[in-house]
Structure formats: structure tokens, C-alpha cells
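>>> here's my sequence, what's the structure:
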Amino acid sequence: MFDGVAKHYDRTNGVLSMGNSPIWRSATVRAVAPKPGEQILDIAAGTGTSSAALAKSGADVTAADFSPGMIEVGRRRHPKLTFVQADAMALPFEDNSFDAVTISFGLRNIEDPKKALSEMFRVMKPGGRLVICEFSKPSRAIFRAGYTAYMRFVMPRIVGATSSNPEAYTYLADSIRDWPDQQTLSQWIRGAGFTRVAYRNLTFGVVALHRGHKPAKSAVKRTRKPKETTTQ
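Next up, the predicted model:
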């Protein structure tokens, strides 16, 4: 499905967000606070738009995505970025590898989000930081009603005019509607081992920016078997 929307993915998202996507991206970058030389993992990076924004700081950003179609488009647009095809539930990275891990609008697309959060914890260095930008539940009833009406009546028309695969965006609306609220996601993040968990709403709660930290003295058991060696 994501291979099918890769070509016009960024354009469609920009229109669907009513121009808010750059604002959300900027807020995410500020929350990650990338520094020169840091190792940052951007999961569900898609075509690399968020990764490129993080890399402007001088950080070494790895853009990981499950979709080869997205990666193909991303490599053409951002040839200086490092793209890796990866399953968020079984990340192909060593323990304690990254100073920060972030994912924008991708956690709800993972089959087992809690398993993905555990993997993010595993590959993060002790003292590292997690930032998740994801659709959420508007905090007030009037905004929830307006948002529901937008997804039901307005979004299909926009998608039909801008997307290379309009049918795929039916899934988008369903995944947003079925996704849990801010408090539930915060509980999942704590359950994965993160501390100092907090969130703040963006655009009246249509989107929420979640943060967490891996304890500085945290250690995880290695889950990758070492290569076997033979002796003569």
C-alpha cells in the first residue's frame, strides 16, 4: 500500500494537513533537539522528509522504513541520507546504538506497536530520548466532531485529486479513528521502560507529540546472537 502512494505521498500529506505538516515536523525536530555528531534513528521515515530536517543540525540520521517504494523515492530526493529497509518490530541495529529515536505518523501502522516501542528502547543508548509524533484525539468535543466530519466528507475529495492511490487513504482514516488516545499511548511508552514520559497536543489534539527517555543506567540484554567461531 505504501509503495503505491510513495510518488505523491508528501504532496498529498501537505494538502490533507491543511498546511500543518511543516509545523508538526518543526515541533518534532525541536523536541528531538538533534546535535552535531549524534546518531539518530528516524523510523517510518518514508521518503526522508523528516530525516532531512533532522540532519540539518549535523546529526548522523538513519532513515528506516518498511516500504521499498518509499525508500526508492527517498534516495532520489535525499541522496546524502542513509536509508535502511527495516521492520520496526525487529530493528536490524545493535543494542544501545542511537542517541535519539523518533517516529512520525508511523507507529499506528505497525502491527504490534508495543513490540516496536520495546525495540526502540533496545537500540537507544542509556540516557537517550524518544520522540513520537502521531495522530491523536482532539481534546474538546467540538474539535472531535469537526475532525470526524473532515475525515468523512472532505478528505476523500482531496485524496481523489492529489493521491496516486486514493483507495489506500481509506485505511488512513480508519487507522486514525481506531488509534488510542494520548493517555493510552503514554502508558504504552512507560510499559516499554521509558521514563519522564510526557506529551503535548498540537492543532487542538489532532496530533500529539510524545516524549520519553531511556534511564541513564539502563541496560538491556543482547537479543542478537553473536557469530559462531570455530577453532582448529
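
>>> where's the closest residue to Gly58 other than its chain neighbours relative to Asp99, distance?
Take Gly58 and drop its neighbours on the chain: the residue closest to it by C-beta to C-beta, 6 or more residues apart in numbering is Pro36, 3.2 Å away. (Each C-beta comes from the backbone N, C-alpha and C, glycine too.) Summarising the geometry, the distance separating Pro36 from Asp99, computed by C-beta to C-beta, to the nearest Å, is 11 Å.

>>> again with Thr49
Counting by C-beta to C-beta, the gap from Thr49 to Asp99 is 21 Å.

>>> please apply the same query to Thr195.
Plainly put, Thr195 is 16 Å away from Asp99 if you go by C-beta to C-beta.

>>> pick out whichever of those two has more residues nearby.
For the pair Thr195 and Asp99, the greater number of neighbours falls to Asp99 (19 against 12), based on other C-beta atoms under 10 Å.

>>> doesn't that one fall inside a strand?
Yes. Residue assignment for Asp99, taken from DSSP: H, G, I helix; E, B strand; the rest coil, places it within a strand.

>>> got the contact list for Gly127?
Applying C-beta atoms under 8 Å, 6 or more residues apart in numbering, we find Gly127 in contact with His213, Lys214, Pro215, Ala216.

>>> and these, which is closest to Asp95?
For Asp95, the nearest member of the contacts of Gly127 is Lys214. The distance, counting by C-beta to C-beta, is 11.0 Å.

>>> how about the helices of the protein, start to end?
Counting by DSSP state H, the chain has helices at residues 2-5, 9-16, 21-32, 49-55, 68-77, 113-123, 141-149, 155-162, 168-178, 182-191.

>>> comparing those by mean pLDDT, which bottoms out?
Across the helices of the chain, the stretch with the lowest average pLDDT is helix 9-16; it has a mean of 53.

>>> what would the contacts of Gly127 look like in TSV with pLDDT?
Compiled in TSV, the contacts of Gly127 are given as follows (pLDDT from 0 to 100):
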residue	pLDDT
His213	98
Lys214	98
Pro215	97
Ala216	93
